[in-house]
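Participant: attaching a predicted model along with its sequence, questions to come.
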Amino acid sequence: METAKKSKGIYWILFLISIGAFFGVYAVGGGYCSLILPFNVTFFALALDLI
């Protein structure tokens, strides 16, 4: 059984955008930056093909 090779570039881009959003929210709202962490972790896991 063959598996198709998935492109993970979009997940790396989304991960970098979410990191930027994390620091942007940290600069503006401080403690609210923890609301961005689920996006950081999810996109990182998808980029590494863990899920």
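Facilitator: Thanks, I have the structure now.
Participant: nearest residue to N40 other than its sequence neighbours?
Facilitator: S18 (5.0 Å; C-beta to C-beta, 6 or more residues apart in numbering). Where you see a C-beta, it was placed from the backbone N, CA and C, and this is true even at glycine.
Participant: contacting residues around the top helix by length along the chain?
Facilitator: As far as residue count goes, and with DSSP state H defining each element, the longest helix of the chain is helix 9-29. With C-beta atoms under 8 Å, 6 or more residues apart in numbering as the test, helix 9-29 has contacts from Y32, C33, L35, I36, L37, F39, N40, F43, F44, L46, A47.
Participant: buried ones in it?
Facilitator: Along helix 9-29, these residues count as buried under the neighbour rule (16 or more other C-beta atoms under 10 Å): Y11, L14, F15, S18, F22, V25.
Participant: kindly format the C-alpha coordinates of it as CSV.
Facilitator: Presented in CSV, the C-alpha positions along helix 9-29 are these (Å, rounded to 0.1, in the frame of the first residue of the first chain):
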residue,chain,number,x,y,z
GLY,A,9,5.0,23.8,3.6
ILE,A,10,1.6,25.4,4.3
TYR,A,11,1.8,24.1,7.9
TRP,A,12,5.3,25.6,8.4
ILE,A,13,4.0,29.0,7.1
LEU,A,14,1.0,28.8,9.4
PHE,A,15,3.3,27.9,12.3
LEU,A,16,5.5,30.9,11.6
ILE,A,17,2.5,33.2,11.3
SER,A,18,1.2,31.9,14.7
ILE,A,19,4.6,32.5,16.3
GLY,A,20,4.4,36.1,15.0
ALA,A,21,0.8,36.4,16.3
PHE,A,22,2.0,35.1,19.7
PHE,A,23,4.6,37.8,20.0
GLY,A,24,2.3,40.4,18.6
VAL,A,25,-0.4,39.6,21.2
TYR,A,26,2.3,39.5,23.9
ALA,A,27,3.4,43.0,23.0
VAL,A,28,-0.2,44.3,23.2
GLY,A,29,-2.0,42.2,25.7
